[in-house]
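A.B. asks: what's the 3D shape of this:
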Amino acid sequence: MSINEISIIIPVLNEEKQIGSIIRRLTSLQAGSVKEIVVVDGGSDDGTVLEAESAGATVVSSEKGRAKQMNTGARIAKGDILYFLHADTEPPKFFDREINSAIEKEYSFGCFRLEFDWGHPLLKFYSWFTRFRRTELRFGDQSLFATRTVFEKAGGFDEDLIVMEDQEIYRRLHQYGAFYLSERSVITSARKYEEIGPVKLQFLFSIVWLGYYFGIKQNTLVNFYRAFILP
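C.D. replies: Numbers count the residues shown, from 1 in each chain. Presented below is the predicted three-dimensional model:
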């Protein structure tokens, strides 16, 4: 099997408390094909940048906005494969080996299933759906890998989107390559669910999700998100 070098791209904003630990965990979880970890800072006013640099990541600055930050990271990344990961999400052991295996089998992009670090029944139920291949069930917490060629053909992330950018890109990626869905899961933080409450937060997320598919304007969805989910 040929080995493709992987660039991990992590968009961040005020992640001082955990960015260092996730970078060190990624280093220990990989099987040897991760070329670099690129942290794209959207204007943090805490110690995020220093923590990321001290943990060994390459740090670049970007205009705030997850889509803009991830595209910025993709442009400067040196790897053959781009792997987009949230700062509070941990992939399974030897994730890079599985990604390379998928590429060897002629898949062009893909993701892992999802689990949370809190065993609340609602979150387990929500995670269960990520085993299905439907585009509507793909979210950024699951992480996303793509060959550079397919990512660039698809045009990268839509920078006009502040919410749902992680799901929208799947529709375009499907036009250029085959989709791989792992049977293994990433583990993502349930911190926002613990803060707001799992039932309430999932209800709010569902409103944003439905609003997007019913064609509600992005500004309306963003204002709703900032009013009820971000605080």
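A.B. asks: residue ranges for the helices of this protein, please.
C.D. replies: When secondary structure is read from DSSP state H, the chain shows helices at 19-29, 48-54, 66-76, 95-104, 121-128, 148-154, 165-173, 191-196, 198-213, 218-228.
A.B. asks: looking at those helices, which is closest to Tyr83?
C.D. replies: Using C-beta to C-beta as the measure, helix 95-104 is the one of those that comes nearest Tyr83, at 6.6 Å. (Glycine included, C-beta is placed from N, CA and C.)
A.B. asks: Buried ones in the strand ranked longest in the chain, by neighbour count?
C.D. replies: Here the longest strand in the chain is taken by residue count, with DSSP state E as the criterion, and it is strand 179-188. By neighbour count, and taking 16 or more other C-beta atoms under 10 Å as the criterion, the buried residues in strand 179-188 are 179-182, 185-188.
A.B. asks: and Ser61, how many neighbours?
C.D. replies: Around Ser61 there are 12 other residues, counting by other C-beta atoms under 10 Å.
A.B. asks: ah, wrong one, I meant Gly47
C.D. replies: Here the number of neighbours of Gly47 (other C-beta under 10 Å) works out to 15.
A.B. asks: Could I get the pLDDT score of it?
C.D. replies: pLDDT for Gly47: 97.
A.B. asks: Distance of the residue nearest to it when sequence neighbours are not counted relative to Ala55?
C.D. replies: The shortest distance from Gly47 to any residue other than its chain neighbours is 4.3 Å, reached at Glu16 (C-beta to C-beta, 6 or more residues apart in numbering). Counting by C-beta to C-beta, to the nearest Å, the gap from Glu16 to Ala55 is 11 Å.
A.B. asks: same thing with Ala87?
C.D. replies: The span separating Ala87 from Ala55 equals 12 Å under the rule C-beta to C-beta.
A.B. asks: what's the overlap in contacts for these two?
C.D. replies: Common contacts of Ala87 and Ala55 (C-beta atoms under 8 Å, 6 or more residues apart in numbering): Ile19.
A.B. asks: Is it correct that Arg133 is in contact with Ala178?
C.D. replies: No - assessed by C-beta atoms under 8 Å, Arg133 is found out of contact with Ala178, at 11.2 Å.
A.B. asks: Which of the two has more residues huddled nearby?
C.D. replies: Neighbours of Arg133 and Ala178, each counted by other C-beta under 10 Å, are more numerous for Ala178; the result is 14 against 10.
A.B. asks: excluding its backbone neighbours, what's nearest the more buried one?
C.D. replies: Counting by C-beta to C-beta, 6+ apart, Tyr107 is the residue found nearest to Ala178 once chain neighbours are left out, at 4.8 Å.
A.B. asks: That neighbour against Gly177, yeah?
C.D. replies: Yes - distance between Tyr107 and Gly177: 7.1 Å, which falls inside the contact criterion (C-beta under 8 Å).
A.B. asks: give the contact list for Val60.
C.D. replies: Residues touching Val60, when contacts are defined by C-beta under 8 Å, 6+ apart, comprise 38-41, 72-73, 76.
A.B. asks: where are the low-confidence patches of the protein?
C.D. replies: 1-2, 231 (pLDDT under 70).
A.B. asks: What residue spans form the domains of it?
C.D. replies: By the assignment in automatic domain parsing, the chain contains the domains 6-189, 192-231.
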